[in-house]
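# pasting the structure only:
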């Protein structure tokens with residue numbers, strides 16, 4: 001008796017649900033305990049594209065001919081599946097290891113935020129814009145940057 005009720009209900013659910021890719025992923029995610037709305041939002045955000053005008057390495061790193069010191073700033077912005085990430089080098093006298101940062105990109109504006117445990121956490125964040133092949137902006141500690149894109 002229960003099978004007779006379940007079969008038409010299942011047929012109605014399958015017939016009424018959209019057949020899009022995000023819907024099918026949303027349905028499979030909802031069976032894993034996540035609400036379907038959250039899964040579809042994640043899928044649509046992940047399926048967005050990366051802007052090739054933003055992605056790349058922006059740098060003014062150089063070695064002083066007088067002292068041999070290494071200095072400058074480098075921002076490397078990468079994107080995978082619509083998610084931007086960055087690594088930043090700030091060098092004063094010697095090369096430094098890159099510090100990861102979360103990257104928020106909207107059109108041509110870029111915001112980088114450093115985690116609290118980052119060696120660059122004192123700089124807090126960077127707000128800038130990509131224009132004419134350059135990343136121009138400033139860090140929260142008032143350090144300005146005008147970085148050409150390296151090819």
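Done, it's in. Note that the structure is a prediction, hence the values are computed from the model and not measured.
# tell me the secondary structure at the nearest residue to residue 144 once chain neighbours are set aside.
What sits nearest to residue 144 in space, not counting adjacent residues and going by CB to CB, 6 or more residues apart in numbering, is residue 138, at 4.7 Å. From N, CA and C alone the C-beta is placed, and that goes for glycine too. Following DSSP: H, G, I helix; E, B strand; the rest coil, residue 138 is assigned to strand.
# residue 138 contacts residue 146, doesn't it?
No - the pair residue 138 and residue 146 does not pass the contact test of CB atoms under 8 Å, sitting 9.8 Å apart.
# mind listing the shared neighbours of these two?
Counting by CB atoms under 8 Å, 6 or more residues apart in numbering, no residue touches both residue 138 and residue 146.
# direction included, what does the strand or helix carrying residue 112 pair against?
Here residue 112, judged by DSSP states H and E, is contained in strand 109-113. Strand 109-113 has its sheet partners listed here by DSSP bridges as strand 99-106 (antiparallel), strand 125-131 (antiparallel).
# could you export the ones you listed as CSV, including mean pLDDT?
Listed next are the strands paired with strand 109-113 as CSV, based on pLDDT from 0 to 100:
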stretch, mean pLDDT
strand 99-106, 96
strand 125-131, 97
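# let me have these in a markdown table, extended by distance to residue 54 and mean neighbour count.
Conversion of these to a markdown table gives the following (distance: least, CB to CB, whole Å; neighbours: other CB atoms under 10 Å):
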| stretch | distance to residue 54 | mean neighbour count |
| --- | --- | --- |
| strand 99-106 | 5 | 17 |
| strand 125-131 | 5 | 18 |
